[in-house]
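Chemist: Prediction below, plus the sequence it came from.
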Amino acid sequence: MILRYDRLAIELPKPKNPSPNDAAAVQELLGGKFGEMSTLMNYTFQSFNFRGRDRLRPFYDLTCSIAAEEYSHIEALSYAINLLLTGTTVRGTDPEPAPLKDATDARNTYHFIASGQAALPVDSMGNFWTGQNVFSSGNLKLDLLHNFFLECGARANKMRVYEMVSDPTARAVIGYLLVRGGVHVVAYARALEKLTGVEVTKLVPVPELSNKAFPEARKLEEQQKLHLKLYTFSPEDYMKAGIIWNGPHPEDGQPLEVIQGGVPGVPYPKLEEEPQLNAPGADGYDPDMFNSIAKKMGMKL
Ligand code: MN
Ligand code: MN
């Protein structure tokens, strides 16, 4: 089961300007073949389907911990996309002056037609995410090789999207995901090492460029040691991941560490209504009525 917290993994700055085309590029990291929806669903299905887990518990615990973290990555990217889309069109409810006309210049018109100026489970070209991106063979060595490849491919895509967008919101989320994805690359490499004896961490980093070349990522590695920590994302389970996640980091030699629980997170950014999109609507909603019910229940709204 998953336990959910109403917090976001990282602090996201407000964008300098609305940027629907940056948002469209960032969608690749959410709903692309190598995006966070793919990592989440690959590790989730592999963990559900993991047979013989009593004997192979550390590999199961590692896959479960990373699967749960990927949910927080989908969440962080969605908020980044929503922030980038905010203010793209002129707010107002009068349709006559075409308040959505700027949206016809945006690469992804689904953001304006199919959603209320918000993230969708699509890639940078607007293709919807598909379960065909999920690989769950039931063979541990094969699944771990796939996961290592998937995280390396995801890393390449993050670097390329970083080079496409200069907005600080987009770069903040990509910098964070480069660091956390880097942890997952090393985690699957170490899992393969423990399973087979082959020194897979010698391949790292793939692609060859270090995370330290990206200022947002470098800061998180230097100040928070975020490249060394594997979180279990559970209050008491999955600690046997530490049988795999230990020893020196292959790039800088610092000690790897398992943390019980999730990242502390921050309050999520508040997003204004978009009246020109009839979003969120619900004009008949009476906050006074809800306040009085909440008061009777001893709650504060
Ligand atoms: Mn991720
Ligand atoms: Mn990952």
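Modeler: Structure's in. What do you need? Remember, it's a predicted structure, so these values are computed and weren't measured experimentally. Ligands and ions are numbered 1, 2, ... in the order given.
Chemist: rest of the way, CA atoms for contacts and neighbours
Modeler: Fine.
Chemist: Let me see the ranges of the helices in the protein.
Modeler: Counting by DSSP state H, one finds helices in the chain at the ranges 20-31, 36-48, 57-85, 110-113, 140-164, 168-196, 215-224, 287-296.
Chemist: who wins for proximity to residue 258 among those?
Modeler: helix 57-85 (10.2 Å; CA to CA).
Chemist: Give me the angle between the closest one and helix 168-196.
Modeler: 170 degrees (axes from the mean of the first three to the mean of the last three CA atoms, to 10 degrees).
Chemist: by how many degrees do helix 57-85 and helix 36-48 diverge?
Modeler: Going by the same axes, to 10 degrees, helix 57-85 makes 160 degrees with helix 36-48.
Chemist: other SSEs contacting helix 57-85?
Modeler: helix 20-31, helix 36-48, helix 168-196, strand 229-231 (3 or more CA pairs under 8 Å, 6 or more residues apart in numbering; DSSP states H and E).
Chemist: Out of these, which one sits most buried?
Modeler: With neighbours defined as mean count of other CA atoms under 10 Å, the helices and strands packed on helix 57-85 peak in mean count at helix 20-31, which reaches a mean of 26.
Chemist: now what about it, what contacts it?
Modeler: 34-38, 74, 77-78, 80-82, 84-85, 88, 106-108, 119-125, 128-129, 154, 157-158, 161, 164-165, 167, 170 (CA atoms under 8 Å, 6 or more residues apart in numbering).
Chemist: Buried among those residues? Make that a PyMOL selection.
Modeler: Buried members of these, defined by 16 or more other CA atoms under 10 Å, are picked up in PyMOL with:
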select buried, resi 34+35+36+37+38+74+77+78+80+81+82+84+85+88+106+107+108+119+120+121+122+123+124+129+154+157+158+161+165+167+170
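Chemist: hang on, the earlier thing: now the helices and strands packed on helix 57-85 as JSON lines including mean pLDDT and distance to residue 270?
Modeler: As requested, these are arranged in JSON lines below (pLDDT from 0 to 100; distance: least, CA to CA, whole Å):
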{"stretch": "helix 20-31", "mean pLDDT": "98", "distance to residue 270": "18"}
{"stretch": "helix 36-48", "mean pLDDT": "98", "distance to residue 270": "23"}
{"stretch": "helix 168-196", "mean pLDDT": "98", "distance to residue 270": "14"}
{"stretch": "strand 229-231", "mean pLDDT": "98", "distance to residue 270": "27"}
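Chemist: quick one: contacts for the residue nearest to the spatial centre of the chain?
Modeler: The chain has residue 73 as the residue nearest its centroid, 1.6 Å off, counting by CA atoms, centre = their mean. Under the criterion of CA under 8 Å, 6+ apart, the neighbours of residue 73 are 9, 36, 177.
Chemist: so what's the closest residue to residue 109 other than its chain neighbours up against?
Modeler: Closest residue to residue 109 apart from its sequence neighbours, by CA to CA, 6 or more residues apart in numbering: residue 103 at 6.4 Å. Going by CA under 8 Å, 6+ apart, residue 103 touches 88, 89, 109, 112.
Chemist: Give me the distance between residue 103 and residue 197.
Modeler: Distance, residue 103 to residue 197, using CA to CA, to the nearest Å: 54 Å.
Chemist: and what of residue 239?
Modeler: From residue 239 to residue 197 the distance is 22 Å (CA to CA).
Chemist: burial count for the residue nearest to residue 99 when sequence neighbours are not counted?
Modeler: Using CA to CA, 6+ apart and skipping the chain neighbours, the partner closest in space to residue 99 is residue 90 (5.5 Å). Residues lying near residue 90 (other CA atoms under 10 Å) number 15.
Chemist: Test my guess that residue 170 contacts residue 80.
Modeler: Yes - using CA atoms under 8 Å, residue 170 is in contact with residue 80, at 6.3 Å.
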